[in-house]
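Undergrad: Build me a model from this:
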Amino acid sequence: MIIWLEKQRVINLLLVVGYVSFLLFAHSAFVSISVAVMNHFSLAVYDRLVAAILILLGLGAVGAVISVLRISQVEYRFGVFFGLTLLLLVVHFFVLTEMNIEFIHAIMYGGLALLLFPLVGRFGGAVVLTLPIMLIDEWYQYAILFPHYTYFFELNDIVLNLLGAGLFTSLLGLLRAKSMKKSSAVLKRGEVLFFVSFVLVTIILWCACIIVSYTANACPNTWLVLNKLPELTEFWYVHPTIGSIFHILKPIEGLFVAFSLCLFYLGMDFQKK
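TA: Model prediction:
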């Protein structure tokens, strides 16, 4: 399937565009369905149901990996990335997750990374190229869809999305997926150039006060305030409506974690010859 999509680039691009459109514009409908189900069962029951499903999916993924390791030769670097990503997802679940249903984002962006892999031909590259889509998605929710409900740019979700993309692509590597694309020098790779450019642009916008952390830091030319809440001094945040307890990544903290994950997953594309 991957080789076929590499040969059918137009179809691959159309699939990516269609999938991205779904991610951006189906969010409101999905939230409405999720809230309706939650109200039917109660938040506590809903969270437990979602947690049980996530545990079963996680055990299934681990079982599949173990089966693959037993019956075929694989590149163990992918096993390392897969295992570390699972560990980071567990940490996210207990520390950064507002509601368990948010883990659907990890699955959705994992799917996007799989669609991007035939286009870029590299595992870490596919992860990094999901970053602009998830940033647009979160901005759309923050500024357009739910401006009166969402008080901070969901960098927690960005981290979760990257972990989902990393989990799916590392699993793809464990399943011995290959690309026909020729290897290129690191500094000539599109995803590397994009990542370096994106980091530099972010720094410039930050220094120019176009993007700021909190309302108190805003300038007359500020375009985006990443957190409308006062800077938190406590580690844990209690959601005022649903009562869930989690840690909100501070803007600089969240961007650092997101950029670090991108660098981490780019490591999947380096191997000894």
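Undergrad: In contact with Val201, which residues are there?
TA: Listed by Cβ atoms under 8 Å, 6 or more residues apart in numbering, Val201 has no contact partners. C-beta: built from backbone N, CA, C; applies to glycine.
Undergrad: what comes up buried for the host helix or strand of it?
TA: Here Val201, judged by DSSP states H and E, is contained in helix 190-207. Using 16 or more other Cβ atoms under 10 Å as the test for burial, helix 190-207 gives 191-192, 194-195, 198, 206.
Undergrad: what's the answer for stretch 91-105, then?
TA: Across stretch 91-105, burial judged by 16+ other Cβ under 10 Å covers 92-93, 96-105.
Undergrad: do the same with stretch 212-229
TA: Within stretch 212-229, the residues that count as buried by 16+ other Cβ under 10 Å are 212-214, 217, 225-227.
Undergrad: Would you list the phi and psi of Leu226?
TA: The phi and psi values for Leu226, taken as degrees, to the nearest 10, are phi -80, psi -20.
Undergrad: separation between it and Ile210?
TA: Distance, Leu226 to Ile210, by Cβ to Cβ, to the nearest Å: 12 Å.
Undergrad: picking that back up, among the buried residues of helix 190-207, which one lies nearest to Leu145?
TA: Taking Cβ to Cβ as the measure, Leu145 lies nearest Phe198 of the buried residues of helix 190-207, at 23.6 Å.
Undergrad: where are the low-confidence patches of the stretch 1-150 of the chain?
TA: Where the stretch 1-150 of the chain drops to pLDDT under 70, the residues are 68-74.
Undergrad: which helix in the protein runs the most residues?
TA: Scanning the chain for the helix with the most residues, using DSSP state H, yields helix 43-71.
Undergrad: so what does that helix touch, helix or strand wise?
TA: Packing partners of helix 43-71 (3 or more Cβ pairs under 8 Å, 6 or more residues apart in numbering; DSSP states H and E): helix 27-41, helix 76-95, helix 155-174.
Undergrad: hey, which of those helices is tucked in deepest?
TA: With neighbours taken as mean count of other Cβ atoms under 10 Å, the helices and strands packed on helix 43-71 reach their highest mean count in helix 155-174, at a mean of 26.
Undergrad: now that helix against helix 43-71, angle please.
TA: Here the directions of helix 155-174 and helix 43-71 differ by 20 degrees (axes from the mean of the first three to the mean of the last three Cα atoms, to 10 degrees).
Undergrad: How much space separates Asn161 from Ile252?
TA: Taking Cβ to Cβ as the measure, Asn161 falls 19 Å from Ile252.
Undergrad: Am I right that His105 is in contact with Val159?
TA: No - counting by Cβ atoms under 8 Å, His105 stays clear of Val159, with 10.2 Å between them.
Undergrad: on that earlier part again, buried sites along the longest helix of the chain?
TA: 46-47, 50, 54, 58, 61, 65, 68.
Undergrad: go on, stretch 262-269?
TA: 262, 264-266, 268-269.
Undergrad: which residues touch that stretch?
TA: Contacts of stretch 262-269 (Cβ under 8 Å, 6+ apart): 77-78, 81, 122-125, 127-128, 131, 162, 165-166, 169-170, 173, 189, 191-192, 195.
Undergrad: what about dumping the CA coordinates of it to PDB?
TA: Provided in PDB are the C-alpha atoms of stretch 262-269 (Å, rounded to 0.1, in the frame of the first residue of the first chain):
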ATOM      1  CA  CYS A 262      10.300  16.500  17.000                       C
ATOM      2  CA  LEU A 263      14.100  16.200  17.300                       C
ATOM      3  CA  PHE A 264      13.600  12.900  19.100                       C
ATOM      4  CA  TYR A 265      11.500  11.400  16.300                       C
ATOM      5  CA  LEU A 266      13.800  12.700  13.600                       C
ATOM      6  CA  GLY A 267      16.200  10.200  15.200                       C
ATOM      7  CA  MET A 268      14.200   7.300  13.700                       C
ATOM      8  CA  ASP A 269      15.600   8.200  10.300                       C
END
